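> After the sequence you'll find the predicted model.
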There are 6 protein chains.
Amino acid sequence: MENLDEIKKKAEVLIEALPYIQKFSGKTVVVKYGGSAMTEPKLKRDVIKDVSLLKLVGFRPIIVHGGGKAISTWIKKTGGEPKFVNGLRVTDEETMEIAEMVLNRVNKGLVALIESVGVRAVGISGKDAGLLKVKKKKMRNADLGYVGEITDVDPSILTNLMDDDIVPVVCPIGYDENYDTYNINADDAACAIAKAVGAEKLVFLTDIDGVYKDINDKSTFISRLTCDEADKLIDEGVIGGGMLPKIAGCVDAARNGVNRVHILDGRVPHVLLLEFFTDHGIGTMFMKEKEKK
Amino acid sequence: MENLDEIKKKAEVLIEALPYIQKFSGKTVVVKYGGSAMTEPKLKRDVIKDVSLLKLVGFRPIIVHGGGKAISTWIKKTGGEPKFVNGLRVTDEETMEIAEMVLNRVNKGLVALIESVGVRAVGISGKDAGLLKVKKKKMRNADLGYVGEITDVDPSILTNLMDDDIVPVVCPIGYDENYDTYNINADDAACAIAKAVGAEKLVFLTDIDGVYKDINDKSTFISRLTCDEADKLIDEGVIGGGMLPKIAGCVDAARNGVNRVHILDGRVPHVLLLEFFTDHGIGTMFMKEKEKK
Amino acid sequence: MENLDEIKKKAEVLIEALPYIQKFSGKTVVVKYGGSAMTEPKLKRDVIKDVSLLKLVGFRPIIVHGGGKAISTWIKKTGGEPKFVNGLRVTDEETMEIAEMVLNRVNKGLVALIESVGVRAVGISGKDAGLLKVKKKKMRNADLGYVGEITDVDPSILTNLMDDDIVPVVCPIGYDENYDTYNINADDAACAIAKAVGAEKLVFLTDIDGVYKDINDKSTFISRLTCDEADKLIDEGVIGGGMLPKIAGCVDAARNGVNRVHILDGRVPHVLLLEFFTDHGIGTMFMKEKEKK
Amino acid sequence: MENLDEIKKKAEVLIEALPYIQKFSGKTVVVKYGGSAMTEPKLKRDVIKDVSLLKLVGFRPIIVHGGGKAISTWIKKTGGEPKFVNGLRVTDEETMEIAEMVLNRVNKGLVALIESVGVRAVGISGKDAGLLKVKKKKMRNADLGYVGEITDVDPSILTNLMDDDIVPVVCPIGYDENYDTYNINADDAACAIAKAVGAEKLVFLTDIDGVYKDINDKSTFISRLTCDEADKLIDEGVIGGGMLPKIAGCVDAARNGVNRVHILDGRVPHVLLLEFFTDHGIGTMFMKEKEKK
Amino acid sequence: MENLDEIKKKAEVLIEALPYIQKFSGKTVVVKYGGSAMTEPKLKRDVIKDVSLLKLVGFRPIIVHGGGKAISTWIKKTGGEPKFVNGLRVTDEETMEIAEMVLNRVNKGLVALIESVGVRAVGISGKDAGLLKVKKKKMRNADLGYVGEITDVDPSILTNLMDDDIVPVVCPIGYDENYDTYNINADDAACAIAKAVGAEKLVFLTDIDGVYKDINDKSTFISRLTCDEADKLIDEGVIGGGMLPKIAGCVDAARNGVNRVHILDGRVPHVLLLEFFTDHGIGTMFMKEKEKK
Amino acid sequence: MENLDEIKKKAEVLIEALPYIQKFSGKTVVVKYGGSAMTEPKLKRDVIKDVSLLKLVGFRPIIVHGGGKAISTWIKKTGGEPKFVNGLRVTDEETMEIAEMVLNRVNKGLVALIESVGVRAVGISGKDAGLLKVKKKKMRNADLGYVGEITDVDPSILTNLMDDDIVPVVCPIGYDENYDTYNINADDAACAIAKAVGAEKLVFLTDIDGVYKDINDKSTFISRLTCDEADKLIDEGVIGGGMLPKIAGCVDAARNGVNRVHILDGRVPHVLLLEFFTDHGIGTMFMKEKEKK
């Protein structure tokens, strides 16, 4: 048995969570789930437990996930070869078919994991109840095939499920006006959903620990950014490359009703809990403007 | 423009539907969807329109579907070879993985079709919100692998969705107490669900036109059967072979709270509408006992 | 038994109704019921069935009816003589008494007919729950007696009944600020009610087939009219005589929140169904302004 | 201005009402309204005010009324001759037609009176929403025509209206299984309705002051009777003649869920208020059994 | 037993109450309870019965009370000495402690009295559910100690209780932003609460019979005052002295959403009933502006 | 900043709480609050925070408190002398008056503390909304005065408050059938309330660490007891003295619907959290019978 000191420390951790639970009670939180947190079995279980805890203490979490490497694996299994243009997957009809199959299976796997800790979950795609409507994404000098750009979000199915005490798990697939199926970038889907439901928080679980002014100098880490500051960093070229679309999404969400947008390092165990329930500043946070003290 | 006679006939058809609409208003109807009705594009669209009409006039339809030949197609695509024992698919881990992917994609395809006629639909599997719990199906002299036998149904997600004016589309996959994934016979899933929600009707869309005393003599067609009569036909060996499990399911459902169970010929266009809204007796109907006149 | 072709046609009629049911689901529809449709027993039953079907597939119908010839019949029975000025009944105290008796009986007769097809109905007059308040109608050179002009509509009893799944059947009688009873023109009552409940549609069942530019030239039939067009026809004297008040009412309703106002020929069997559920353009339709395509 | 003594007395009357208001708050009270209280204009206004007050302080009153002499008046006006067998009106088709007209007009007159004191009321007959279903009343040696005996009561419309803060005013007409219209004895209708809604009280406003052992000896007045005592008085022939059916109805209601049944003298001004809100014992009260003190 | 005349008079008193009950049904009424009405046991019981009757006939009363002389009594009992500056109690820590104890006991005493007549009541202070937030009252040349000035009212607990059919009884104590306890003037508390809940009426039970132009000339009694008229009287010095703060409160409430503010003489038995349910003009009434006739 | 190990430990504590939060979500928990936990300011704040956390994560806590030494202090302040018979306070009229004042002030103090951490609380006594009804406690050879024994509990006010998201804080005072005020033992009040609301847990915060077979031998500590086992210990005299009534109350509650009854050591900081959210067995737990594993 633990000694009294240990016990006391435990209590303090719980009490530390008190004001945070209070603050977010009844609030909607969108978690974009990807990267290592999705492939490492131990981290995966941690994330699921974290989300379940968020649900249990009164938050309304929504998970949006990608499919990552599994899609390429299956393309190869069926004799195909994954193709990318500017980091975006070229999605012909056969690829779309495989992507939809893989993503939906990943989706149901997450559902089962959440259910296994005693929380009700339902997996849907953007095709269900008209959640995500898209149009074909136009690129200047490439045809990406069935890659969609979100044109409309009908969040009522998410609200319906959350009101019934269910955690929605969303895979980023939608249809266009001809009801043809399209793949959607999971970050985009998470942003669009967070805005449409008026989420309090949008959290990206990634494989980086946040934004640096100088990626080679750990001391230049940025823990909070207003939208204007982020714009400036983009203009100055400090933020660029692969990070650019994600950061642009963060800024867009923060400007359109999402109170806080976070980039968290999904490789840190239980990083969600630490962000939500403790006084640690973790990762990089985006907000509309500086807060008045 | 049509002449007055045509117009009059149209009105009569609509009026003929009146008492049926009245009778089933607010009642739950489970449609097991399979066979040609699922593979012929024209028939498929017809079924979807029919189900949408059922929804619009006030019924609460639930669709349960199988995956049929698509699973075998994908097994072969990935270099495998479909295996069957006594007509049941041997489902090793890789097969289960493919089956789950294929079935969920079929599921979302049906959802998109229903949405395209303006009715809200959500596709779920038995894993969502704990709908279908299973245990491994034991066979005397074969190991079927991940083939599940339903042990428990939690229909609350179906009720939640229907109360929110959504048509649930269910694919027959569930998990066992270790949260391992299992394939379920779609007929079994439809029966279990119909019983659990206390459906008014359970309808099987099949590729036969119903039950015959003598399959070679069209004049021996049976249009209605009580459970006792069906038992007798089974005992006498009149019903047997591939039909046996389906008929046994019909009888089980009719004995456990489902008022009417129908075997309909899915190859007849709009056979669902004709069954629900007209005076035609179509297919074979099972009921608990003879009705008092 | 019908052959497959017949069966197929039936299904097509039902499917044709699909988008219309969808469009009007949950919408309120006011039917002004009068003329032949009310005196021919067969037509009467048809109208009742049609309205019941509207109710069953999810519309919210309200019937407003007149009393027609029955009032004159009873005046004569009691030794009186019906009197009219400009087509309006002169309503002395005794006439008012008879009119109220006759109209309420007609009212309960319609209620019983609707009930007989299994739909709940309740008959009320404008006196119930303060539905219709009136003042005495002033004429330049005649005293019409107890003929009222509507000053106020309290539609809450209609909403209460419809929310309880009941079809309200309204007879056009109201009281003034002294709680004296007045007769009201049924067309006026229907218009006022349609505006007050924000009806989607207002339908007049009449003994004409619609509006013609030249009543003697069938080819000049007008199937749709904007309010401005109707005003112009009235200014030009094309619309006049007995039709004038009814058309003015149609225009007033269309200008004040009723989306579509129809003049239908009640002598056509099931004309309501054809208007609501098929692609036929029937009768003359009034709408606020031309629709954008 | 009144002096302080007067003022004090007023306050005392109001305070005397306190425990009675408390006791009946939210309880349903059925008032059978007939006799002088219905024909004397002053008494009529008093009853209406009383019922309105009951409603306002939180009771749920239902009025059931007859038509009395007005029916005979109108039969004569149209050249007919009222006929009675054993005090029951012989009701041929023409008589039924007149009775329905007259009763519905009386009904709407009561509604307007209640509305005039600012309380919402709706007048219905037993035909509305299937409130009263009947069969033809059989007499040993006479055919009474359209005189109905109640077979079924569906009180849901009454509950619907009361829940919407409306006083239902019911005229005693119903239909049989062929939807033919029948006249119903108003006392019977009041009893049946009181039982069906589980009324706390059923009150008959009559032209007598209650039950006497010896009608010629005022000192033999009976102020309360258990059902068994009433049965005995009937057996002994003390109660008989015209009173018998009414008393039998009182006993039947008291035995079937109506807590208190009263015969009150409608000729006493505001007799309802006195019965409900003061300590006076008025009229004769029937109850299931003696109360434990 | 009373004679018929007495009975008739009783009925008339009840009927006189009818329009008033109607007018205030569902409306919130705040009663500031103090003075003789609180110390004379007989008057106290009368007030409690009156408030209970208000509740029973459908009003939503709230009682706000003071502690009066009991606080001084207890200060002396514990060896202290009550101190006042300009009529306001100097409230050091010990005094505050005693005041809170005394006021809460008075509070529960009133609750028990209301319960004893069968109406549910709950006693709260301004500290419960954050009802009254205060800051320290600043005086130019004195430190009153823990005397609070209301800064914020959260009326939700009052609404919660009234919706649950409970009469809230409020004692005027609140806390400041450090959660320190303060005494509040009961008149101020009553005004603030009446404004916050949007009361229809605010009634002060006092030991005077209202406002006079010349306190020595009974004929100069003022029975109604607009806010502007009251301002003028204050400017002219007609209203002054101890009455000034109370009158200023009346005017403030009348200007901020409370329809009628009354100063009533609590020494008149059942003065509340007389004000609410009869045609007597009693006391002085404040209203925003003159009413249009 | 903490190192990663610390962070990881924090997360683990939170995750450890997961199944407990799940288990008690929506369940009612009664906390009897007394002893050191009530007098030590630091411990007091800890308890308040703990209860607030219970509320925030979805439990429905009710606090029942005593007044302890404060009553005696005030009796002395007013020149009296506390008297006890068998450990029970002799409560004459003056003592009752003081006790009620003191307890209600303690009550409002707890309310303010809970409010100060952002959770809504309302303080009531057993007199509010008829929560606790009592009769005079009879002792064989002593008259305790106003010491009450609970005869009836009406928990509706507790349910009302909890449904409105408010923590009820109850002080143990009630009235008898004459509405006279009585003091109630706080342990008894807590037991009675826990049984009446069907609490999941009843927790006594005490100054002992639980039950021992031999109070002098720490190794004989008993961590869980069935009701039968407790009865046996009482029969054998192992449990006796001052502990007897409390233990008898525990057993009574456990036998009557309260799933778990705990005696916890209120001197351990955050002992409530440790009991509810961690795997530590703390204090002594009573349950109806042994659980099946």
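The structure has been received and is ready for your questions.

> could I have the host helix or strand of A:L53 exported to CSV, CA atoms only?
Applying DSSP states H and E as the criterion places A:L53 in helix A:41-56. Extracted in CSV, the C-alpha atoms of helix A:41-56 (Å, rounded to 0.1, in the frame of the first residue of the first chain):
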residue,chain,number,x,y,z
PRO,A,41,-1.0,0.3,-29.9
LYS,A,42,-0.1,1.6,-26.4
LEU,A,43,-0.5,5.3,-27.4
LYS,A,44,-3.7,4.4,-29.2
ARG,A,45,-5.2,2.9,-26.0
ASP,A,46,-4.1,6.0,-24.1
VAL,A,47,-5.8,8.3,-26.5
ILE,A,48,-9.0,6.3,-26.3
LYS,A,49,-9.0,6.3,-22.5
ASP,A,50,-8.3,10.1,-22.5
VAL,A,51,-11.3,10.7,-24.8
SER,A,52,-13.5,8.5,-22.7
LEU,A,53,-12.5,10.4,-19.6
LEU,A,54,-13.3,13.7,-21.4
LYS,A,55,-16.8,12.2,-22.2
LEU,A,56,-17.3,10.9,-18.6
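
> how about it against chain B, any contact?
No. Judged by C-beta under 8 Å from any C-beta of the partner chain, helix A:41-56 and chain B are separated, with a smallest distance of 11.3 Å. For glycine as for every other residue, the C-beta is placed from the backbone atoms N, C-alpha and C.

> Repeat that for stretch A:185-193.
No. Stretch A:185-193 does not reach chain B (C-beta under 8 Å from any C-beta); its nearest approach is 15.1 Å.

> hmm, back to that, for the helix holding A:L53, name the packing helices and strands.
strand A:28-33, helix A:36-39, strand A:60-65, helix A:93-116, strand A:167-171, helix A:271-277, helix F:4-24 (3 or more C-beta pairs under 8 Å, 6 or more residues apart in numbering or on different chains; DSSP states H and E).

> If you average pLDDT over each of the ones you listed, which is lowest?
Mean pLDDT values for these show the minimum at helix F:4-24, a mean of 81.

> Report whether that one contacts chain A.
Yes. Helix F:4-24 reaches chain A (C-beta under 8 Å from any C-beta) through F:4, F:7-19, F:21-22.

> List the buried residues in that helix.
Residues of helix F:4-24 classed as buried: F:7, F:10-11, F:13-18, F:20-22, F:24 (neighbour count, 16 or more other C-beta atoms under 10 Å in any protein chain shown).

> Ok, stretch A:133-141 next?
So, applying 16+ other C-beta under 10 Å, buried residues of stretch A:133-141: A:133-134, A:137.

> Would you agree A:V122 is in contact with A:V170?
No. Here A:V122 does not reach A:V170: they are 9.9 Å apart, not a contact under C-beta atoms under 8 Å.

> A:V31: what's it in contact with?
A:47, A:51, A:61-64, A:190, A:203, A:205, A:272 (C-beta atoms under 8 Å, 6 or more residues apart in numbering or on different chains).

> Could you report the separation of the residue nearest the centre of chain A from chain F?
What sits nearest the mean C-alpha location of chain A, by C-alpha atoms, centre = their mean, is A:K32, with 0.8 Å. Counting by C-beta to the nearest C-beta, to the nearest Å, the gap from A:K32 to chain F is 20 Å.

> do A:Y175 as well
Distance, A:Y175 to chain F, using C-beta to the nearest C-beta: 37 Å.

> now A:L88
According to C-beta to the nearest C-beta, A:L88 stands 35 Å off from chain F.

> mind pulling up the phi and psi values for that residue?
Per-residue torsions, A:L88: phi -100, psi 140 (degrees, to the nearest 10).

> does it really touch A:L144, like I thought?
Yes. Shown here, A:L88 and A:L144 form a contact pair, counting by C-beta under 8 Å, at 5.7 Å.

> quick one, which of these two is more surrounded?
With neighbours defined as other C-beta atoms under 10 Å in any protein chain shown, A:L88 and A:L144 compare such that A:L144 has more, 21 against 17.

> I am assuming the more buried one contacts A:V90, so please confirm or correct that.
Yes. A:L144 is in contact with A:V90 according to C-beta under 8 Å; the separation is 5.6 Å.

> contacting residues for A:Q22?
F:56, F:118-119.

> 10 Å - rerun?
Counting by C-beta atoms under 10 Å, 6 or more residues apart in numbering or on different chains, A:Q22 touches A:57-58, F:52-53, F:55-56, F:117-119.

> Relative to D:D214, how far out is it?
Distance from A:Q22 to D:D214, counting by C-beta to C-beta, to the nearest Å: 79 Å.

> tell me what the one helix or strand A:I71 maps to is packed against?
Element membership for A:I71, per DSSP H and E: helix A:69-77. Using 3 or more C-beta pairs under 10 Å, 6 or more residues apart in numbering or on different chains; DSSP states H and E, the elements in contact with helix A:69-77 are helix A:36-39, strand A:88-89, helix A:93-116, helix B:69-77, helix B:93-116.

> A:A254 and A:D231 touch, don't they?
No. Using C-beta atoms under 10 Å, A:A254 is not in contact with A:D231; the gap is 11.0 Å.

> neighbour count winner among the two?
A:A254 (25 against 16).
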